[in-house]
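[1] Quick one: sequence and predicted model below, then my questions.
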Amino acid sequence: MNINKYVYIFVAVVILAIAAFFLFFRNSKNEFITVKVKYGKFPIEVTTTGELMAKSSEQVHGPQNLRQVVTSGTIKILEIVPEGTVVDSGGYIATLDPTEITNKIKDEKTNLEKSENEVLKTQIDTSQNLQKARDELINMKFMVEEKEFALQQTEFEAPAIKRQARNDLEKVERSLTQMKINYALIYKQNKTNMRVITASLNQTKNKLQQFNDLLKGMSITAPKKGMVIYHRGWDGTKLRSGSIMYVGENIVAEFPDLSQMLSKTYVNEIDISKVKKGQPVIIGIDAFPEKKFTGKVTEVANMGEQMQNSNAKVFEVSIQINESDPILRPAMTTKNTILTSEISDVKFIPLEGIFNNDSISYVFLKNGGRIVKKQVITGQSNENNIIIKAGLNVNDEILLSQPEKPEDIKMVLIPPEELKKYRLTPESTVTSDDTTLKPYKIIPKKK
């Protein structure tokens, strides 16, 4: 008897649970999220994604004279500290590839050895040449003295002998004079040669010293305390470990001024005509969604550029952030809402409430205890809402999702006389930008 009682109770509970489930399921299907038509100011906005950057930065350069030494025009960054690292003055930042410099040092050491040997050889040759010239000069002086003595010995000789002795003396005197001139020329020539090869030796030494200084400069240190931010090359890519740096720029990294920040963003060619300098902007930070900042458009590019892997054209736009906050860091992703204009005294609803059937825009209007399809004429839209020019009244309640079997719900069309106010006829309707007319068919009322 007790067992049967428990069975009955169990069956009853199951039946009640099933009934409650179906009752809840049915009620949930009939419940919809609704909103009322609003009236007031309607902002026209352009929303973009951007990236934070400092308004100004101090550049960290590689060693001086790198451009004159690195003939390849590029140099590899072997290592660099992680972006965002705060370093003290004199702290380590990066290391550049020293391979080309070390090769040049080896070459210059070889050249230095050659130059030193050349200097030594020239010194020896110069000493020998001058010594030989001096010996010949001394010998010639002795010969002149001999000829002078020989001339004196002919005092009592015949005139012809005296003449011959005098001629011999004059001949050696001319040779002595010529030797003196030649000696001066040889001295000057050897002195010039020594000056040239000594200059070449000093030039080689200076080059070697320059390369050794550059080799020390391959380890880049901070000029002051600051945060390291990777520099963007000509193609927009950041220079990091393994990147190739152009020595013409010679910029390894940057120290940003975090007190003044910009959001760099790109606006597509469809919306760029709306964006102007001075327009207010609301900036959100993806990393801190609870934070909001204000700003204004400071620059709008005149020329568009091609997006990578896309046919879309975009225009660069710079937005200055009014506030300063220690959480703001370069390279953070931003959401920028640019207020391009504002329309007063209009009705609007959320975009989710608009549906389309062929070329007709309509909403699901909650009318008392029933739901009807109501044709509407739409205007401009922003990220969340769209303007309703006709078809709805303020505080009308609409659904944000389709009810069950929407095809069975009657369509209420806008009267033809109302359409004429918007230069429309029952054979035409209009898109949300009010520029393109498309034909449509009127759905007849069900009898």
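    Alright, I've got the coordinates. Numbers count the residues shown, from 1 in each chain.

[2] Report pLDDT for K410.
    The confidence metric pLDDT takes the value 83 at K410.

[3] now it, nearest residue through space, not along the chain?
    Of all residues not flanking K410 in the chain, V372 sits nearest, at 5.7 Å (Cβ to Cβ, 6 or more residues apart in numbering). (Glycine included, C-beta is placed from N, CA and C.)

[4] Strands of the stretch 1-150 of the chain, start to end?
    For the stretch 1-150 of the chain, the strands defined by DSSP state E, counting those that start in this stretch cover 34-36, 38-54, 57-61, 74-80, 86-87, 92-96.

[5] Output the longest one as PDB, restricted to C-alpha atoms.
    Looking back up the chat, that one is strand 38-54. The C-alpha coordinates for strand 38-54 follow below in PDB (Å, rounded to 0.1, in the frame of the first residue of the first chain):
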ATOM      1  CA  LYS A  38      13.200  57.900 -28.500                       C
ATOM      2  CA  TYR A  39      13.200  61.600 -29.500                       C
ATOM      3  CA  GLY A  40      16.000  64.200 -29.200                       C
ATOM      4  CA  LYS A  41      19.500  64.800 -30.400                       C
ATOM      5  CA  PHE A  42      21.000  62.200 -32.600                       C
ATOM      6  CA  PRO A  43      24.800  62.000 -32.800                       C
ATOM      7  CA  ILE A  44      26.400  61.000 -36.200                       C
ATOM      8  CA  GLU A  45      29.600  59.200 -35.200                       C
ATOM      9  CA  VAL A  46      32.500  57.500 -36.900                       C
ATOM     10  CA  THR A  47      34.000  54.700 -34.800                       C
ATOM     11  CA  THR A  48      37.500  53.400 -35.500                       C
ATOM     12  CA  THR A  49      40.200  51.300 -33.900                       C
ATOM     13  CA  GLY A  50      43.600  53.000 -33.300                       C
ATOM     14  CA  GLU A  51      46.800  52.700 -31.500                       C
ATOM     15  CA  LEU A  52      48.300  55.000 -28.800                       C
ATOM     16  CA  MET A  53      51.500  56.800 -29.500                       C
ATOM     17  CA  ALA A  54      53.400  59.700 -27.800                       C
END
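
[6] ok, I398 - contacts?
    Going by Cβ atoms under 8 Å, 6 or more residues apart in numbering, I398 touches 34-37, 349, 353, 363-366, 392.

[7] for L258, what are its contacts?
    For L258, the contacting residues are 54, 227, 324, 326, 328-330, by Cβ under 8 Å, 6+ apart.

[8] List only those of the residues you listed flagged as buried.
    Among these, the ones that count as buried by 16 or more other Cβ atoms under 10 Å are 54, 227, 328-330.

[9] Of these, which is the nearest to M140?
    M140 has its nearest neighbour among the buried ones among the contacts of L258 in M227, at 81.8 Å by Cβ to Cβ.

[10] any low-confidence regions in this protein?
    For the chain, the stretches with pLDDT under 70 are 1-31, 423-447.

[11] And the helices in it, which stretches?
    2-30, 66-69, 99-153, 159-217, 416-420 (DSSP state H).

[12] for stretch 301-308, which positions count as buried?
    For stretch 301-308, by 16+ other Cβ under 10 Å, it's G304.

[13] got it, and stretch 44-51?
    By 16+ other Cβ under 10 Å, the buried positions in stretch 44-51 come out as 45-48, 50.

[14] before we move on, what about stretch 167-181?
    Buried, per 16+ other Cβ under 10 Å, within stretch 167-181: 168-169, 172, 176, 179.

[15] do stretch 275-293 as well
    Neighbour-count burial for stretch 275-293 flags 275, 279, 281, 283-285, 293 (criterion: 16+ other Cβ under 10 Å).

[16] Distance from that stretch to the middle of the chain?
    Centroid separation between stretch 275-293 and its chain, computed with Cα atoms, centre = their mean, to the nearest Å, is 21 Å.

[17] Output it as PDB, nothing but the C-alphas.
    Output of stretch 275-293 as PDB, limited to C-alpha atoms (Å, rounded to 0.1, in the frame of the first residue of the first chain):
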ATOM      1  CA  VAL A 275      35.900  63.700 -40.400                       C
ATOM      2  CA  LYS A 276      37.400  67.200 -39.800                       C
ATOM      3  CA  LYS A 277      40.000  68.800 -37.600                       C
ATOM      4  CA  GLY A 278      38.800  69.900 -34.200                       C
ATOM      5  CA  GLN A 279      35.900  67.400 -33.900                       C
ATOM      6  CA  PRO A 280      35.500  65.900 -30.400                       C
ATOM      7  CA  VAL A 281      36.300  62.300 -29.800                       C
ATOM      8  CA  ILE A 282      35.600  59.800 -27.000                       C
ATOM      9  CA  ILE A 283      38.600  57.400 -26.600                       C
ATOM     10  CA  GLY A 284      38.300  54.000 -24.900                       C
ATOM     11  CA  ILE A 285      41.200  51.700 -24.100                       C
ATOM     12  CA  ASP A 286      40.800  48.000 -24.800                       C
ATOM     13  CA  ALA A 287      43.000  47.100 -21.900                       C
ATOM     14  CA  PHE A 288      41.000  49.200 -19.500                       C
ATOM     15  CA  PRO A 289      37.400  49.200 -20.700                       C
ATOM     16  CA  GLU A 290      36.200  51.100 -17.700                       C
ATOM     17  CA  LYS A 291      38.300  54.100 -18.600                       C
ATOM     18  CA  LYS A 292      37.100  56.800 -21.000                       C
ATOM     19  CA  PHE A 293      39.100  59.800 -22.300                       C
END
